[in-house]
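S.K.: Sequence plus predicted model, see below.
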Amino acid sequence: MVAAALLAGHIVPAAAQFPSLPVALPVPATSQPPLSSANRSGTEYSDLAEAGYVEEEFYLSGIGPAITAKGDVLFDAPYITRILVRRPADPSKFNGTVLIEPFSWFGERGAGWILTRDYLLRNGYAYVGYTLNVNKPAADPKFPPGDNGAEPDADAPDPNQLYTGIVNFDFMREFDYARYAPLGSYYDPERFRRGGAPDPFVPQSQAIGAQLALLLKSNLPDGPMGRVQVERVYVNSWAVTAQVWMDYLDQGRHQSWRMPDGRPLIDAYMTGKMAFGEVGGDVVRVPRKMPVDVPFVTIYSQSELMHDVLEEVELPSDTDYPMLRYYEVTGMPHIRMADLGTRHREFLADEVGKGDDPLCQTLYDEPVEVVAAALLDAMDKWVRTGEPMPKALRVVRDGDAVVRDAAGRNMVGGVRPPWIMVPSATYLTEQETNCGLVYDTKLALPADQLRKLYGSYRGYVKKFEAAKRTAIKQGYLLEADADKVQPIAKQSDF
């Protein structure tokens, strides 16, 4: 209701225009499911048939502007990419909302899908993941200069060696040539630069996202959504490709690119686990051309918030106008094994010479997807009913350090899941442990400290269950997900 009232006023600029409409054509079937398919065993798997969903892949083609990191539109160019659509088979089960997400560079990972899929499937959402990529360049801008093709040092293995074979269209063609041979988009490292280096983000990224939203909301009879009628499109963009949507907002595309009737192309933006500006360019936490007619939500894990602590980045305040929320989730890592993309792996402690370091052994494996689901649910209510999302405290800083509590030595403030409210471990970040890992790690509390805190395992479980009820009241855990959150410590730990 709030968004509709704002739109009815003076929000739509006089110079607003709508992007070109792209074309979607079904991808011919091959001998295997698509890359990133939820029907394939792995981190992105879901039983779509049991949930009453279908999955379909389409080529998406069009002509879109190539835009620099500073926002200059240089020229239009053709592109062909792909989209992966998941929607209820029965149109009456569709809730009217599609979430769109650019797949991560690393193994075409659907990071937002992994974090919110259970919520999406049980609530009748549709999901569209899409590819933003280029052919493999001689020097890949996704990696620091000088690292491409270098032999890893025996004592300090180069993590980029794990990635060179799972990024770019070349990886997709090697995976399934018949499907992905036609894909292509513009790239020129000399004309498109970010932070003094070649821009790792596809110059047509903003156009592809906007054109996809236009196509979905146009509800064409032969469109990729079948017979379902799309009312809303939300961005659900996590990890490195979230920078694309920050650029989109920061450069004012939300205001200047609209539906033909003046409505916004995107009805809400959720971005997560990306320290904006870290991959070159400007460090901003709120778009300088912030939209006022739709929510903008950022979710940081401990890793990103620690980056901002060390850099002493100024944090924004939550506001209802514009519709801004900023969450720092304690006890959430940047990435888990459960989040990895196709053929994606990361080094473990023994592979980087830290096999004997107690700080580097235990990875986070907590069900952080329940927090993502609760925040997505709250954002949806804000759009549909005008009920504002909850506001959370920031993690407490002391200069370029965080303040940690006495009980579990965990960060003070922020969104605090049950495993932080009732801790059985200290949750650390790579910046603090210097383990040399992409993963963050935790250190279990000793048995004597657990007994001191809780008396017994039974006392611990009782407090943990109470913390779950608190999280539900705060809006950071849905009742439907409560059973997914189980005590982290075991009887034997006491």
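M.R.: Everything's here; your move.

S.K.: how close does W419 get to P367?
M.R.: 9 Å (C-beta to C-beta, to the nearest Å). All C-beta atoms are positioned from the backbone trio N, CA, C, and that covers glycine.

S.K.: Touching both of these two, which residues are there?
M.R.: Common neighbours of W419 and P367, using C-beta atoms under 8 Å, 6 or more residues apart in numbering, are V485.

S.K.: In terms of neighbours, single out the busier of those two.
M.R.: Neighbours were counted for W419 and for P367 using other C-beta atoms under 10 Å; W419 has more, 27 against 19.

S.K.: Can you check the pLDDT for the more buried one?
M.R.: We have a pLDDT of 98 for W419.

S.K.: ok, now the one 5 residues further on?
M.R.: Looking at S424, its pLDDT stands at 98.

S.K.: Then T164?
M.R.: Per-residue pLDDT puts T164 at 86.

S.K.: Surely D247 is in a helix?
M.R.: Yes - when classified by DSSP: H, G, I helix; E, B strand; the rest coil, D247 is found to be part of a helix.

S.K.: so who does it touch?
M.R.: Counting by C-beta under 8 Å, 6+ apart, D247 touches I67, A69, G71, F201, S205, Q206.

S.K.: Over to A349?
M.R.: G355, D357, C360, Q361, C435, L437, T441.

S.K.: How about V228?
M.R.: V228 makes contacts with R87, P88, P91, F94, A126, as judged by C-beta under 8 Å, 6+ apart.

S.K.: In three-state terms, label it for me.
M.R.: Assigned state for V228: coil (three-state reduction, three-state DSSP).

S.K.: List the contacts of the closest residue to it other than its chain neighbours.
M.R.: Once flanking residues are discounted, V228 sits nearest to F94: 4.2 Å by C-beta to C-beta, 6 or more residues apart in numbering. Contacts of F94 were listed using C-beta under 8 Å, 6+ apart, and they are R87, P88, G124, Y125, A126, V228, Q229.

S.K.: Mind checking which of these are buried?
M.R.: The neighbour-count test (16 or more other C-beta atoms under 10 Å) marks R87, P88, G124, Y125, A126, V228 as buried among these.

S.K.: Tell me what the fifth one is bridged to.
M.R.: Read it as A126. V98 (DSSP bridges).

S.K.: Tell me who's in contact with it.
M.R.: With contact set as C-beta under 8 Å, 6+ apart, A126 has these partners: V85, R86, R87, P88, F94, T97, V98, L99, M225, V228, V230.

S.K.: Next: the first one.
M.R.: Applying C-beta under 8 Å, 6+ apart, we find R87 in contact with Y53, V54, F94, V98, A126, Y127, M225, G226, V228.

S.K.: quick check, distance from the host helix or strand of it to the centre of its chain.
M.R.: According to DSSP states H and E, R87 maps onto strand 73-88. Centroid separation between strand 73-88 and its chain, computed with C-alpha atoms, centre = their mean, to the nearest Å, is 19 Å.

S.K.: And it, what's buried?
M.R.: A77, Y79, I80, T81, R82, I83, L84, V85, R86, R87, P88.

S.K.: which two in the residues you listed are spaced the farthest apart?
M.R.: Taking C-beta to C-beta, the two most distant members of the buried residues of strand 73-88 are A77 and P88; they sit 35.2 Å apart.

S.K.: could the contacts of A349 be laid out in CSV, adding secondary structure and neighbour count?
M.R.: As requested, the contacts of A349 are arranged in CSV below (DSSP: H, G, I helix; E, B strand; the rest coil; neighbours: other C-beta atoms under 10 Å):
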residue, secondary structure, neighbour count
G355, coil, 11
D357, coil, 16
C360, helix, 24
Q361, coil, 17
C435, coil, 22
L437, coil, 20
T441, strand, 25
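
S.K.: quick one, domains of this protein?
M.R.: When the chain is parsed with automatic domain parsing, its domains come out as 1-153+165-294, 345-494.

S.K.: where does L477 land in three-state SS?
M.R.: Quick answer, by three-state DSSP: L477 is coil.

S.K.: Now for it, how many residues are close by?
M.R.: Neighbours around L477, by other C-beta under 10 Å: 24.

S.K.: Setting aside sequence neighbours, what's the nearest residue to it?
M.R.: A471 (3.8 Å).

S.K.: pLDDT weak spots in the stretch 1-150 of the chain?
M.R.: 1-15, 144-150 (pLDDT under 70).

S.K.: ranges for the strands of it?
M.R.: 23-26, 53-67, 73-88, 97-102, 126-130 (DSSP state E, counting those that start in this stretch).

S.K.: how about the ones you listed, which one is nearest L477?
M.R.: Closest among the strands of the stretch 1-150 of the chain, using C-beta to C-beta: strand 97-102, at 20.1 Å.

S.K.: other SSEs contacting that closest one?
M.R.: helix 111-122, strand 126-130, helix 205-218, strand 232-238 (3 or more C-beta pairs under 8 Å, 6 or more residues apart in numbering; DSSP states H and E).

S.K.: Could you rerun that using 6 Å?
M.R.: Contact here means 3 or more C-beta pairs under 6 Å, 6 or more residues apart in numbering; DSSP states H and E; on that basis strand 97-102 packs against strand 126-130, strand 232-238.

S.K.: which one of the ones you listed is the most hemmed in?
M.R.: Highest mean neighbour count of the helices and strands packed on strand 97-102: strand 232-238, a mean of 26 (counted as mean count of other C-beta atoms under 10 Å).

S.K.: could you say what helices and strands that strand packs with?
M.R.: Applying 3+ C-beta pairs under 6 Å, 6+ apart, we find strand 232-238 packed against strand 97-102, helix 111-122, helix 205-218, strand 268-272.

S.K.: No further questions, thank you.
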